[in-house]
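# sequence first, predicted model second:
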Amino acid sequence: MNDHTQRGMTPAHSVQLLPETGYVRLPTVLRVIPVSKSTWWAGVKAGRFPQPHKLAPRVTAWLVRDIRALIDQPSHPARIL
């Protein structure tokens, strides 16, 4: 069970956790997109999810606009809720 599910938040509600612009790290992405960490990385590799940006050698993040675009896709589970 994901953290947002434990707190009773649906992905549609948790999208409000995203800032307007900028970058977000993986824990924030996973609060909004209801998948496991390994599923997320497999989706990135397969091209289903946005590519990350390396901000530093040990810092990986995603553009908020890319995450919002993913959520806005008609096939995204959050659109059904």
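Sure thing, it's come through.
# so what secondary structure elements neighbour whichever helix or strand residue 44 is part of?
Using DSSP states H and E, residue 44 sits in helix 37-46. On a contact count with 3 or more C-beta pairs under 8 Å, 6 or more residues apart in numbering; DSSP states H and E, helix 37-46 meets helix 26-32. Where C-beta positions appear, they are placed from N, C-alpha and C, glycine not excepted.
# in the helix it packs on, what counts as buried?
28-32 (16 or more other C-beta atoms under 10 Å).
# which strands and helices sit next to the helix or strand following the helix holding residue 44?
Where DSSP H and E defines the elements, the next helix or strand beyond helix 37-46 is strand 53-56. Judged by 3+ C-beta pairs under 8 Å, 6+ apart, the packing partners of strand 53-56 are strand 59-63.
# list the contacts of the strand it packs on.
22-26, 29, 50, 52-55 (C-beta atoms under 8 Å, 6 or more residues apart in numbering).
# for that strand, the averaged confidence score.
When pLDDT is averaged over strand 59-63, the result is 98.
# flag every buried residue along it.
For strand 59-63, burial by neighbour count (16+ other C-beta under 10 Å) applies to 61-63.
# list the strands paired with that strand, with their directions.
When sheet partners are counted by DSSP bridges, strand 59-63 sits next to strand 23-24 (antiparallel), strand 53-56 (antiparallel).
# quick check, residue 49 in contact with residue 73.
No: using C-beta atoms under 8 Å, residue 49 is not in contact with residue 73, being 10.7 Å away.
# compare the two (neighbour count), which wins?
Comparing residue 49 with residue 73 by other C-beta atoms under 10 Å, the one with more neighbours is residue 49, at 20 against 10.
# count of neighbours near the closest residue to the more buried one other than its chain neighbours?
Among residues not flanking residue 49 along the chain, residue 43 sits closest, at 3.9 Å (C-beta to C-beta, 6 or more residues apart in numbering). Using other C-beta under 10 Å, residue 43 has 15 neighbouring residues.
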